[in-house]
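Novice: Give the three-dimensional model of this entry:
(chains A and B)
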Amino acid sequence: MSVEALVNGALLGGLYALVALGLSLVFGIMRVVNLAHGIVVLAGAYAAIVVTRVVQVDPLLTFVVVGPVVFLVAALTQRLLLQRLLGHSLEAPLVATFGLLLVGQGLFTFGFGTAPLSLDAPWGRSGVTVLGLTVQAVNVVAFALAVAVVVGTQLVLTRTRFGTALRASAADPATAGTLGIDIPLMHALTFGAAAAIAALAGIVYGTAFSADPNAGLPLLVLGFTVVVMGGVGSVPGTLVGGVLVGVVSVAVGGLLGPVYSPIAVNLLLLVLLLVRPRGIARPAWLGPLRIGKAPA
Amino acid sequence: MQTKKSAFAALAASTALVLALGACGSGSDSGSGGGSSEPVVLGTTLPLTGPLGIFGPPIQAGYEQAVAAINGAGGVDVGGTKRPLKLVVKDSKSDPTVVTSTAKSLINDDKAVALLGSVTPPLTIPFSVVADSEQIPAISPLTPTLAWKGANAGGWKYAYDVFVDETEQTLVNFKASDLVETNKKVALFTDTEEDGKAMGALWEQQAPAAGYTVVYRAEFPVGTTDFSQFVQKAKDSGAEVMIAQVIPPDAAALWKQMKSLGYAPKTAWPEKGGTVGFPDAAGPLAEGATVFGWWTPTNGNVGGQAVYDANKAKFGDGLGTQAVVASYAMVQVMADAITRAGSTDPDAINKALGATNGLDTVWAKITIGPDHRAVVPATAVQWQGKNQVTVWPKEQATGTFLAPAPGLAAQG
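Specialist: Numbers count the residues shown, from 1 in each chain, chains lettered A, B, ... in the order given. Predicted coordinates:
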């Protein structure tokens, strides 16, 4: 195992963080486990594929169109579907998002077939050499985007009035509601923003690898792993979790063989849950872990 | 509250509907013995969705076109009476357990007198197990025959497999690589699925006799996304022949990472993963990727070119359309067996099927051996643009072998 490989793994962790961040936000703010998250990531990739078929631009530029569209669709889905189920029962949002996962998978299969489709960009198929280390350009792009999005999100959450309102709605929704904070609006904006970040992750994912309708579930599992490692609801934690997954995968793969990488990552997850059940960086303002029953 | 309950009920109902739609298939009535005018029901369970979903549509097209052609000529001769064929198609979702349930449903609910299979050992083996246990003849194309044979040590009784032999197939990579000058060093990338393990072992066994040395082998689980350190090791090993046995999404990721890290072997083989639709998955990097094929216009087939030409626009000039041809031939073989059996009795069809000898089909001349296999010769096809050109064997080649693989070797 080389230093080069470890650096590549750490940078790839940026993509893992991008995939996970939306999942973490939705759970942290809304207390909803969004089982459709992987499909939202794929939606970003497929939407970018559609745009690049119409206008031949760099896949990243498609986010100008894809981001707002995905944001809007997700925010509407939250308002028209999930908001009605929040507080109804613990299972309702889970079932709903699982239904969305299946519907999304079916729609993508119908619209794009089951064969993997890819976004093509020079940075998706080239390497860069820094200090004698050759790494994939796509991993550098992913990491840079992850840092930018994580820092931006954290700043919004901690340095703006909107962020304060969001944190209040997460920490104590009942009190926040009595203070005039529009909780349903906060949830819709959170869900939309999380989906837009997922779509961005999808664009990078589709450029680095490929998109196929069956990738939604593996992406969801990857997201969960990163979120739980980093600390559910923690924005910087997703970056820490992503890098950890990337580095451990590469290290174990290099030392013992790639067959052992997923085993090692999941063992590490179990150990972390035992010794630090809140994850590496779960913020105190989120309070204790609880799922569902947010106020409607 | 009523609204919430209604919304939830609607959602639950739609979820159930989605699940139900995914599981359902079409039904049909049974065929019967000679003298009847009822349709003869053939059943097939295909990977129309799921990870292997790319293979289902061309197989379905082949089956449907062959059935239509036979029915257009009056039907299949059963004991002197022409009877129409009826094809019932179910979606296996690329899932071996669904293969089993749908194959049983085809026999018990749709009253299929014979079954037509699909692709790869993970799907064809459970399909064949159902055929043997239910004592219904079944024939499959597109499944490497040694892995299929090896899955039943006692020998298959009602199931048959027509495709290439892996021993010959793995030699194709070396024989075709002989067309260009290389250092004869090989890097293998194989996943841990059954065929990945089996093919990897065969390449390692066959390499020395073919004059090649395997200098590096990476083994990884299906769904691996980060190949970078293995690509680096393969590059460091100096291997100029690279062979991979991976599923399509993994092949795309692997090719992108080879390009990013500057690994450009003289010949590069994304077996299985690069079979169909590889340019859509890997973009311009697919150019020059080579895989084994199983049909050429001049391999001794009868009528294959017409079937190939009729499907080329839809499934591409390459293995997608070759799969149509192969599947078409399976219906020809089954119809021939039914005619020779003179009945739709499964045992009679099974006996006739096993006696198939030198049958001219659109795929090749088919002879089924005592081990229920019919081996067709393997070829090598290379992605050149959106088409796959046959580059080996030389006497059947339809184009020139491009090496080093241009997609990986090109700058930028």
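Novice: Secondary structure element for A:Thr134, which one?
Specialist: If you go by DSSP states H and E, A:Thr134 is part of strand A:133-136.
Novice: likewise A:Leu23?
Specialist: For A:Leu23, the element it lies in under DSSP H and E is helix A:3-25.
Novice: quick check, the helix or strand just after that helix touching chain B?
Specialist: Along the chain past helix A:3-25, the next helix or strand (assigned with DSSP H and E) turns out to be helix A:37-54. No: judged by CB under 8 Å from any CB of the partner chain, helix A:37-54 and chain B are separated, with a smallest distance of 9.5 Å. Where you see a C-beta, it was placed from the backbone N, CA and C, and this is true even at glycine.
Novice: Just the buried positions in the helix or strand just after helix A:37-54, please.
Specialist: Downstream of helix A:37-54, the next assigned helix or strand under DSSP H and E is helix A:63-77. Going by neighbour count (16 or more other CB atoms under 10 Å in any protein chain shown), the buried part of helix A:63-77 is A:63, A:65-67, A:69-71, A:73-75, A:77.
Novice: Over to the residue in the stretch 1-150 of chain A that chain B sits nearest to. Which of the three states is it?
Specialist: For the stretch 1-150 of chain A and chain B, the shortest gap (CB to the nearest CB) falls at A:Thr114, measuring 2.8 Å. Secondary structure assignment for A:Thr114 (DSSP: H, G, I helix; E, B strand; the rest coil): coil.
Novice: what's the distance between the residue nearest to it when sequence neighbours are not counted and B:Ile59?
Specialist: Closest residue to A:Thr114 apart from its sequence neighbours, by CB to CB, 6 or more residues apart in numbering or on different chains: B:Gly53 at 2.8 Å. Distance from B:Gly53 to B:Ile59, counting by CB to CB, to the nearest Å: 11 Å.
Novice: between the helix ranked longest in chain A and helix A:63-77, how big is the angle?
Specialist: For chain A, the longest helix by residue count, based on DSSP state H, is helix A:183-208. Interaxial angle, helix A:183-208 versus helix A:63-77 (axes from the mean of the first three to the mean of the last three CA atoms, to 10 degrees): 140 degrees.
Novice: the helices in the stretch 101-250 of chain A, which residues?
Specialist: Along the stretch 101-250 of chain A, counting by DSSP state H, counting those that start in this stretch, helices occupy A:137-159, A:161-171, A:173-178, A:183-208, A:216-230, A:235-255.
Novice: Return the residues in contact with B:Asp77.
Specialist: B:Thr339 (CB atoms under 8 Å, 6 or more residues apart in numbering or on different chains).
Novice: which neighbours does the one helix or strand it maps to have in its sheet, and in what orientation?
Specialist: Using DSSP H and E, B:Asp77 maps to strand B:76-78. When sheet partners are counted by DSSP bridges, strand B:76-78 sits next to strand B:81-83 (antiparallel).
Novice: after the partner strand comes which helix or strand?
Specialist: Sequence order places strand B:85-91 as the next helix or strand after strand B:81-83, per DSSP H and E.
Novice: Buried residues, that following strand. List them.
Specialist: Residues B:85-91 are the ones in strand B:85-91 that count as buried (16+ other CB under 10 Å).
Novice: Name the surrounding residues that touch the strand holding A:Thr134.
Specialist: By CB under 8 Å, 6+ apart, strand A:133-136 touches A:3-4, A:7-8, A:11-12, A:126-129, A:208, B:228, B:257, B:260-262.
Novice: Out of the residues you listed, which end up buried?
Specialist: Listed as buried from the contacts of strand A:133-136 are A:4, A:7-8, A:11-12, A:126-127, A:208, B:228, B:257, B:260-261; burial here means 16+ other CB under 10 Å.
Novice: now the residue of chain B found nearest chain A, what's its secondary structure?
Specialist: As assessed by CB to the nearest CB, chain A sits closest to B:Gly53 within chain B, at 2.8 Å. Under three-state DSSP, B:Gly53 falls in the coil class.
Novice: got the contact list for it?
Specialist: With contacts defined as CB under 8 Å, 6+ apart, B:Gly53 is in contact with A:109, A:113-115, B:47, B:94.
Novice: can we see that at 10 Å?
Specialist: Neighbour list for B:Gly53: A:109, A:113-115, A:212-214, B:46-47, B:91-94, B:248 [criterion: CB atoms under 10 Å, 6 or more residues apart in numbering or on different chains].
Novice: pLDDT weak spots in the chain?
Specialist: As the question left the chain open, I've gone with chain A. Chain A contains residues with pLDDT under 70 at A:1, A:282-296.
Novice: that's the wrong chain, I wanted chain B
Specialist: B:1-35, B:412.
Novice: again, 80 this time
Specialist: B:1-36, B:51, B:194-195, B:410-412 (pLDDT under 80).
Novice: Which stretches in it count as helices?
Specialist: For chain B, applying DSSP H gives helices covering B:2-23, B:56-72, B:96-108, B:121-134, B:145-150, B:166-177, B:194-210, B:228-237, B:248-260, B:278-282, B:304-315, B:319-341, B:346-354, B:406-409.
Novice: Including distance to A:Ser249, could those go into a markdown table?
Specialist: Shown next, in a markdown table, are the helices of chain B (distance: least, CB to CB, whole Å):
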| stretch | distance to A:Ser249 |
| --- | --- |
| helix B:2-23 | 32 |
| helix B:56-72 | 32 |
| helix B:96-108 | 28 |
| helix B:121-134 | 25 |
| helix B:145-150 | 30 |
| helix B:166-177 | 29 |
| helix B:194-210 | 19 |
| helix B:228-237 | 10 |
| helix B:248-260 | 14 |
| helix B:278-282 | 22 |
| helix B:304-315 | 37 |
| helix B:319-341 | 32 |
| helix B:346-354 | 48 |
| helix B:406-409 | 24 |
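Novice: Make CSV out of the ones you listed and add distance to chain A.
Specialist: Compiled in CSV, those are given as follows (distance: least, CB to the nearest CB, whole Å):
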stretch, distance to chain A
helix B:2-23, 4
helix B:56-72, 8
helix B:96-108, 14
helix B:121-134, 14
helix B:145-150, 20
helix B:166-177, 22
helix B:194-210, 11
helix B:228-237, 4
helix B:248-260, 4
helix B:278-282, 4
helix B:304-315, 12
helix B:319-341, 10
helix B:346-354, 31
helix B:406-409, 9
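Novice: Of the ones you listed, which stretch is the most buried?
Specialist: helix B:248-260 (a mean of 28; mean count of other CB atoms under 10 Å in any protein chain shown).
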